[in-house]
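Engineer: only geometry, no sequence info:
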């Protein structure tokens, strides 16, 4: 079993749809959870960061962490074609310990 | 800030040749990471430096790969000899690990093709 699992997609949705992206993990020591967005032919860029369990909202994006289930989610409301990218979850123990990326989910938002 | 700078952006070489990839981290960051990304294997961590010292090189695939960080503002990843299976996008990332929160900032990548 991989340390972090993520559905690779591709996931295609119509513009305006609500998108749900998810990761599961096995290491209960992870405390810090991140979502990175990677456009084609670019490096990943940090999109959202959360600590421990709970929700965090930033504009159209909401990150959720459920540590009891070892499950994290990223929701995108009113999705736009500009949201088309690969979304990678990442997590760590903190202080640079055991930083792990998921394999990424490719999202296409169709106009 | 200019962000993480990588060079070259593209490299095409022939099997057996030496390849050197370069990275300049964000000023003030104390950790540097080299990743390799392919369609098949996703983003793989190759090596991680903290304060210029290699901390974890368990991801370096073979002895053909080596990485150095002679100072806080420069790192190289060398492949010698290169093989076609080394073709991938190589990313450098840097971070500031002085708080529990650690986010990595990625460079634009070097797209390597070994013929």
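Structural biologist: Sure, I can see it. Everything quoted here is computed from the prediction, not taken from an experiment.

Engineer: anything in the stretch of helix or strand residue B:89 belongs to near chain A?
Structural biologist: In the assignment (DSSP states H and E), residue B:89 maps to strand B:88-95. Yes: Strand B:88-95 is in contact with chain A by CB under 8 Å from any CB of the partner chain, via B:91, B:93, B:95. Heads up, the C-betas are built off the backbone N, CA and C, glycines and all.

Engineer: Tell me the helix or strand right after that strand.
Structural biologist: Strand B:88-95 is succeeded, C-terminally, by strand B:105-106 (DSSP H and E).

Engineer: List the buried residues of the helix or strand just after that following strand.
Structural biologist: Downstream of strand B:105-106, the next assigned helix or strand under DSSP H and E is strand B:110-114. Under the neighbour-count criterion of 16 or more other CB atoms under 10 Å in any protein chain shown, strand B:110-114 has B:110-112, B:114 buried.

Engineer: restrict these to contacts with chain A.
Structural biologist: Counting by CB under 8 Å from any CB, the members of the buried residues of strand B:110-114 near chain A are residue B:111.

Engineer: Can you turn the buried part of the residues of strand B:88-95 next to chain A into a ChimeraX selection?
Structural biologist: Selection of buried members from those for ChimeraX, criterion 16+ other CB under 10 Å:
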select /B:91,93,95
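
Engineer: TSV please, covering the residues of strand B:88-95 next to chain A and showing pLDDT.
Structural biologist: Formatted as TSV, those follow (pLDDT from 0 to 100):
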residue	pLDDT
B:91	97
B:93	94
B:95	89
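
Engineer: Any idea what residue B:76 is bridged to?
Structural biologist: For residue B:76, the beta-bridge partners are residue B:22, residue B:68 (DSSP bridges).

Engineer: for the helix or strand bottoming out on mean pLDDT in chain A, packing partners?
Structural biologist: Every helix and strand in chain A was compared by mean pLDDT, DSSP states H and E; the lowest is strand A:100-101, with a mean of 88. Using 3 or more CB pairs under 8 Å, 6 or more residues apart in numbering or on different chains; DSSP states H and E as the contact test, the elements touching strand A:100-101 are strand A:85-92, strand B:42-50.

Engineer: That concludes my questions; thank you for your assistance.
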